[in-house]
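> pasting the structure only:
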C-alpha cells in the first residue's frame, strides 16, 4: 500500500501536471443544470491535464440528497475516466475522536476520497482516524487566502518554547503527525513568501494550494514557492476559473479544458529551469 | 423574528430543562437498526425533558444517503413532536465565504437546523453567512473536552495587544461577531473553571456544553460555571449517556427517558439557590 504522498507524486508525474480542478457546482453558474452531468463533462474535458480533482462538499450538501447522489456519481466517473487522479474531498471537518472516526468512514468508505481537508483545532486525536490507512491522506488547513484568514492564523504565539504564528505551529503539528507519509497542509496561493518558508521547513509534505484564479493568487509565484525539491509535491487548485470559464452550455467543457491547459502550462513554465513535472 | 439567543431561552423556560440530547446514531450500539426509527423513539421518550436536540452530522454521513435521509426525517419528527426545541446541527464546518454560504444553505435550508457548530480558523467571513438571519445561530468551537484539545486551544498568544490563550481569543472574536444576538460558543464540560471565566467575560452568549456523560465532565460543576445571570443560557449536551443508556430494543427508549430526566434534575438541583430554569 503506497503512502498517500507517493500516490500524489505518481499522479503528478503521470499527468505532467500539478493542476487540481475544484468541482464546486453552483446552480446559479453551471452551464447545464444537472450536477453529475456537468461534472462528467468537466472531467472528460480535463482528465489528461490534471493530477487531481477536488469536490467541495458544501456545494453538494447545499443541494440536499440529489447533490450528494451527484457527488457519488462524480467520484465514480473520475475513477473510470482518470484512474490515476487523486480525489480530494474538500470537507474541512474537525471533531473529537469518535466523531472523527465516523467522518473518516464517510469520507473514505462512503465517498471514496483519497484525501480530505481537515481543521486541526481539536488536536491529534481529531486527525488520527484519517491516518490509519497510509494510502489515504489528510490535508491540514494552515493558511488560507480569504480576507478573515489573518484573524486567527496570523496570531503570534509565546510560551512553551514557541514562537511564530498559529499557522506555522499548525504546520509543525501536521508534520509531527506525518509518520506514515500521508499528511499534508493547505496553504493559500496568495502568500508565496509564507509558502516558501513553509516548504523550507517541511520539505516532504504535500501542499494543497487553493486561491489561484477567482481568489487572485499569482500562479507562477505560488508554484515556485510551493514545490518540493523534485519540482512537485503540490496541487494547485482552481475551481471557478476552470469550471465557469464559459457559462454557455455549448462551450463550457471546451473552455474548461482550455483554462486547465493554460493553468498547467503556466505552472510548468514557471518551474522550467528547476526540476520539472515531466515524468 | 426573534434572535436565536431568545429562542434558546424560551426553549429552556418552556421545558424547564437545560438538557440537549445528542443524536449520534452508531449502528454498532443502537438497540434497533433503523436510524430514523431509533431517533423517533428517543425523541418521543424525551421531548418534554429537554430544550434541544443535537444531531452530529458525522454519524449520518457515515451511513451515506440512507443516513442523511434519516437525518431529514429526524429533524422533521422533532419539529412535529417538540416544536419548541432548538435543533443544533453539530457539523463544525469552517470555510471561505462563498463556500460558507453554500454550507449555510445546506444547514439552514436543506436540513432546517436552528443553529450549527462552526470552526473560526478562517475568520469572520467564514462565519458571516450563518449570521444573516437573526433567528438562526452559530456556535463557535472554542474549548473542547477531548485529549488533543490543549494542543492548539491552550496556546498562549502575544503581540498586537493580545494575551491569554487561543480559545479565549476565539471566544472574544465570537463575541465581536455577535451583533444580532445569534452567536454562541462551544465549551467542553471538563473545564468548569475555564467555563466560569468565559461566562464572566461573555455574560450574554449561549454556551453549548458537550462532554458530560461519556466524556466524563462533572455535570453540577459545569452547570454552575456555565449559566448566565438568569440561570440559563447553556445547553448541556449528552449523547451516548442518554441514547445508549440501554442497548436493548425493549428498554432503550425508556432508559433514555430516565437518563435525560436524571441529567435534567442533576442540573436543576445544582442551580437551586440561584436563578432557576423554571418558567
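Happy to help now that I have it. Predicted model, so just to flag it, every value in this text is computed and none were measured. Numbering: from 1, shown residues only, chains lettered A, B, ... in the order given.

> what residue is smack in the middle of chain A?
Centroid-nearest residue in chain A: residue A:208, 4.3 Å away (criterion: Cα atoms, centre = their mean).

> Check the average confidence over stretch A:50-68, would you?
Averaged over stretch A:50-68, pLDDT sits at 98.

> next one: that stretch to chain centre, how far?
Centre-to-centre, stretch A:50-68 and its host chain are 13 Å apart (Cα atoms, centre = their mean, to the nearest Å).

> now check it, is it near chain B?
Yes: using Cβ under 8 Å from any Cβ of the partner chain, stretch A:50-68 reaches chain B at A:56, A:58-59, A:61-65, A:68. Where you see a C-beta, it was placed from the backbone N, CA and C, and this is true even at glycine.

> Just those: which are in helices?
Among those, the members falling in helices (DSSP state H) are A:58-59, A:61, A:64-65, A:68.

> out of those, who has the most neighbours?
For these, counting by other Cβ atoms under 10 Å in any protein chain shown, the largest number of neighbours falls to residue A:59: 27 neighbours.

> Just to check, that one is in contact with residue A:25?
Yes: counting by Cβ atoms under 8 Å, residue A:59 does reach residue A:25; the two are 5.0 Å apart.

> which neighbours do the two share?
Residues touching both residue A:59 and residue A:25 (Cβ atoms under 8 Å, 6 or more residues apart in numbering or on different chains) are residue A:67.

> In the residues of stretch A:50-68 next to chain B, find the pair that's most separated.
A:56 and A:65 (17.5 Å; Cβ to Cβ).

> And the strands in the stretch 1-150 of chain A, which stretches?
A:19-23, A:52-55, A:86-93, A:115-118, A:137-143 (DSSP state E, counting those that start in this stretch).

> where exactly do the helices run in chain A?
A:4-15, A:35-46, A:57-61, A:64-81, A:97-104, A:124-127, A:149-153, A:166-177, A:192-201, A:219-226, A:240-243, A:252-271.

> Can you tell me which of those is most buried?
helix A:57-61 (a mean of 26; mean count of other Cβ atoms under 10 Å in any protein chain shown).

> Pull the residues that contact that helix.
So helix A:57-61 is contacted by A:24-26, A:35, A:67-68, A:70-71, A:89-91, B:93, B:95, B:99-100, B:102-103, B:106, B:110 (Cβ under 8 Å, 6+ apart).

> Stretch A:153-165 now?
A:142-144, A:166-167, A:169-170, B:121-123, B:155-160, B:162, B:166, B:169.

> roughly how far out does stretch A:229-246 sit from the chain middle?
The answer for stretch A:229-246 is 9 Å, by Cα atoms, centre = their mean.

> Show me which positions of that stretch end up buried.
Neighbour counts over stretch A:229-246 (16 or more other Cβ atoms under 10 Å in any protein chain shown) mark A:231-246 as buried.

> quick one: residue A:180 from residue B:205, how far?
40 Å (Cβ to Cβ, to the nearest Å).

> And these two? Which one has more around it.
Legend: neighbour count by other Cβ under 10 Å for residue A:180 and residue B:205, higher for residue B:205 (25 against 17).

> Grab the nearest non-local neighbour of that one.
Spatially, and ignoring its direct neighbours in sequence, residue B:205 is nearest to residue B:184 (5.0 Å; Cβ to Cβ, 6 or more residues apart in numbering or on different chains).

> Tally up the residues packed near that neighbour, please.
Residue B:184 has 29 nearby residues by other Cβ under 10 Å.

> For chain A, see how far away it is.
17 Å (Cβ to the nearest Cβ, to the nearest Å).

> wait, that residue sits on residue B:5?
Yes: shown here, residue B:184 and residue B:5 form a contact pair, counting by Cβ under 8 Å, at 7.2 Å.

> what's the spacing between the closest residue to residue A:148 other than its chain neighbours and residue A:17?
What sits nearest to residue A:148 in space, not counting adjacent residues and going by Cβ to Cβ, 6+ apart, is residue B:123, at 2.1 Å. Counting by Cβ to Cβ, the gap from residue B:123 to residue A:17 is 32 Å.

> ok, those two, which is more surrounded?
residue A:17 (27 against 23).

> Of the helices of chain A, which is nearest residue B:133?
Among the helices of chain A, helix A:57-61 sits nearest to residue B:133 (Cβ to Cβ), with 17.8 Å.

> Just the pLDDT for residue A:23.
pLDDT, residue A:23: 98.

> oh, I was asking about residue A:275
45.

> ok, residue A:270 - contacts?
So residue A:270 contacts A:219-221, A:223-224 (Cβ under 8 Å, 6+ apart).

> List the contacts of residue A:10.
Counted by Cβ under 8 Å, 6+ apart, residue A:10 has contacts A:2, A:84.

> what about residue A:1, how many neighbours?
Residues near residue A:1, counting by other Cβ under 10 Å: 10.

> Pretty sure it sits against residue A:132.
No: applying Cβ under 8 Å, one finds residue A:1 not in contact with residue A:132, separated by 11.3 Å.

> Go through the buried residues of stretch A:229-246 and name the one nearest residue A:266.
The closest of the buried residues of stretch A:229-246, once distances to residue A:266 are taken by Cβ to Cβ, is residue A:236, at 9.3 Å.

> what about the closest one, distance to residue B:166?
30 Å.

> again, but for residue A:176
18 Å.

> Quick check: closest non-adjacent residue to residue A:166.
residue A:155 (4.6 Å).

> How many residues are close by that neighbour?
20.

> likewise the one 5 residues further on?
Using other Cβ under 10 Å, residue A:160 is surrounded by 9 other residues.

> rewinding a little: settle this for me: the residue nearest to the centre of chain A is touching residue A:92, isn't it.
No: with contact defined as Cβ under 8 Å, residue A:208 and residue A:92 do not form a contacting pair (11.2 Å).

> Correct me if wrong: residue A:266 contacts residue A:219.
Yes: the pair residue A:266 / residue A:219 is scored as a contact, 5.0 Å apart, by Cβ under 8 Å.

> rewinding a little: could you point out which of the ones in helices among the residues of stretch A:50-68 next to chain B is nearest to residue B:82?
Nearest to residue B:82 among those, with distances taken as Cβ to Cβ, is residue A:64, at 23.2 Å.

> Show the contacting residues for that closest one.
B:106, B:110.

> Recalculate using a threshold of 6 Å.
residue B:110 (Cβ atoms under 6 Å, 6 or more residues apart in numbering or on different chains).
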